[in-house]
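Engineer: With the input below, show me the fold.
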Amino acid sequence: MNVPLAVLCWIAISTLLGIFFGYSSLELTTSTSIVALLLGLILAGVPLFLQRGKMRLQAPDRRQFVAFAISIFFLVFAVREFGQVIFVAKDEVRVISPNNLGDICLHLTQINYLASAPHFWPENPIFAFDKLRYPIGRFSRPETLSAEQRRQAISAIEEAPQRLRAAILGLSEEQLDTPYRSAGWTVRQLVHHMPDSHLNAYTRLKLALTEDEPALRGYDEKRWAELPEARTAPVDVSLDLLDALHGRWVLTLRALKPEDWQRKMKHAEMGPITVDTLIALYAWHGRHHTAHINGLRQREGWL
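Structural biologist: Okay, here's the model as predicted:
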């Protein structure tokens, strides 16, 4: 087994391991990617190690040198051309070219989504998750809002508890324990997640209003959702909590002065954000999870 073949085996094995991690509960993260590369290197290098002493290094002849030079030239040319015609728009890979590049864009987009840890094969790789994971679209971050946009965001926050109640109305215990998508949270977990998340948002708002650019501590929402009470507790507990929480939240928001909307805080993941950004995010967040439940009901015929 020669070195070029070992390199190809390394790439192939690492790719297969990456796919395995991506579609497993481990997900394709920086850590699992490194593990895939290291395991691939070890497995591909074992035959070379076993053949040590039998291999003889030989200087390339003239034909091999010319073939290598031509390959490098075409590789540089291909990278340059693809770099000019391929671009990313949100989560889609697109081309600026009338030429037929085959389905390279589809493949690159699928790799991009795989790196985002999906656990199911999308109906359409180009638009994966638009229907299930992000039924109302991904959050579009604003830095400032107009007076009308603030009014709409506050109304969305005010209406969120009632919309969530309507979304789960009449569902059985078995239906509440149904994941909204493959390997996703159950309806019950979604309901309990809402006050968990919005309590943090309400606290962050209060910190931003009373401190100068406070640093906001993050929390592991996935692990919160796996705690026993989040998986099994009656949903009415969280619905009542959400009612009270949003009542206080809306009173706070409607009492803000014009300069308060631009007060800043340091979000653990998003960096510096304003109060405008915060309420836009959570106005979207409530609609986002309610749409998960309504989408599941529609797909399952629970209307």
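Engineer: pretty sure residue 230 contacts residue 193?
Structural biologist: Yes - using CB atoms under 8 Å, residue 230 is in contact with residue 193, at 7.2 Å. In short, each C-beta sits where N, CA and C put it, glycine included.
Engineer: Identify the contacts common to the two.
Structural biologist: Shared contacts of residue 230 and residue 193 (CB atoms under 8 Å, 6 or more residues apart in numbering): residue 224.
Engineer: Let me see the domain layout of the chain.
Structural biologist: Domain assignment for the chain by automatic domain parsing gives 1-53, 70-130, 147-300.
Engineer: Worst mean pLDDT among the ones you listed?
Structural biologist: Per-stretch averages of pLDDT across the domains of the chain put domain 70-130 at the bottom, with a mean of 55.
Engineer: Run through the helices of the stretch 51-200 of the chain in chain order.
Structural biologist: All helices of the stretch 51-200 of the chain, identified by DSSP state H, counting those that start in this stretch, fall at 62-85, 104-114, 147-168, 173-176, 187-210.
Engineer: most tightly surrounded among these?
Structural biologist: Highest mean neighbour count of these: helix 187-210, a mean of 20 (counted as mean count of other CB atoms under 10 Å).
Engineer: Output the contacting helices and strands for the following helix or strand past that one.
Structural biologist: Moving toward the C-terminus from helix 187-210, the first helix or strand encountered (DSSP states H and E) is helix 221-225. Identification of packing neighbours for helix 221-225 by 3 or more CB pairs under 8 Å, 6 or more residues apart in numbering; DSSP states H and E yields helix 187-210.
Engineer: Regarding the protein, what is its longest helix?
Structural biologist: Ranked by residue count, the top helix of the chain under DSSP state H comes out as helix 275-300.
Engineer: Tell me what angle that helix forms with helix 187-210.
Structural biologist: Direction vectors for helix 275-300 and helix 187-210, defined by axes from the mean of the first three to the mean of the last three CA atoms, to 10 degrees, enclose an angle of 170 degrees.
Engineer: between helix 275-300 and helix 147-168, how many degrees?
Structural biologist: Following the same axes, to 10 degrees, one obtains 30 degrees for the angle between helix 275-300 and helix 147-168.
Engineer: Packing partners of helix 275-300?
Structural biologist: Of the remaining helices and strands, those touching helix 275-300 by 3+ CB pairs under 8 Å, 6+ apart are helix 147-168, helix 187-210.
Engineer: mind giving me CSV with these and columns for distance to residue 271?
Structural biologist: Supplementary listing: the helices and strands packed on helix 275-300 in CSV, determined by distance: least, CB to CB, whole Å:
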stretch, distance to residue 271
helix 147-168, 20
helix 187-210, 14
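Engineer: Tell me which of those helices sits nearest to residue 4.
Structural biologist: Ranking the helices and strands packed on helix 275-300 by proximity to residue 4 (CB to CB) places helix 187-210 first, at 49.3 Å.
Engineer: so the nearest residue to residue 40 once chain neighbours are set aside is in which element?
Structural biologist: In space, residue 40 comes closest to residue 14 once its chain neighbours are excluded; the distance is 3.2 Å by CB to CB, 6 or more residues apart in numbering. Using DSSP H and E, residue 14 maps to helix 3-22.
Engineer: What is that helix packed up against?
Structural biologist: Counting contacts by 3+ CB pairs under 8 Å, 6+ apart, helix 3-22 is packed against helix 30-50, helix 104-114.
Engineer: Could I get the buried residue list for it?
Structural biologist: Within helix 3-22, the residues that count as buried by 16 or more other CB atoms under 10 Å are 6, 9-10, 13-14, 17-18, 21-22.
Engineer: Serialize the residues you listed to TSV and add fields for distance to residue 292.
Structural biologist: Written out in TSV, the entries for the buried residues of helix 3-22 read as follows (distance: CB to CB, whole Å):
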residue	distance to residue 292
6	46
9	42
10	40
13	37
14	34
17	31
18	28
21	25
22	22
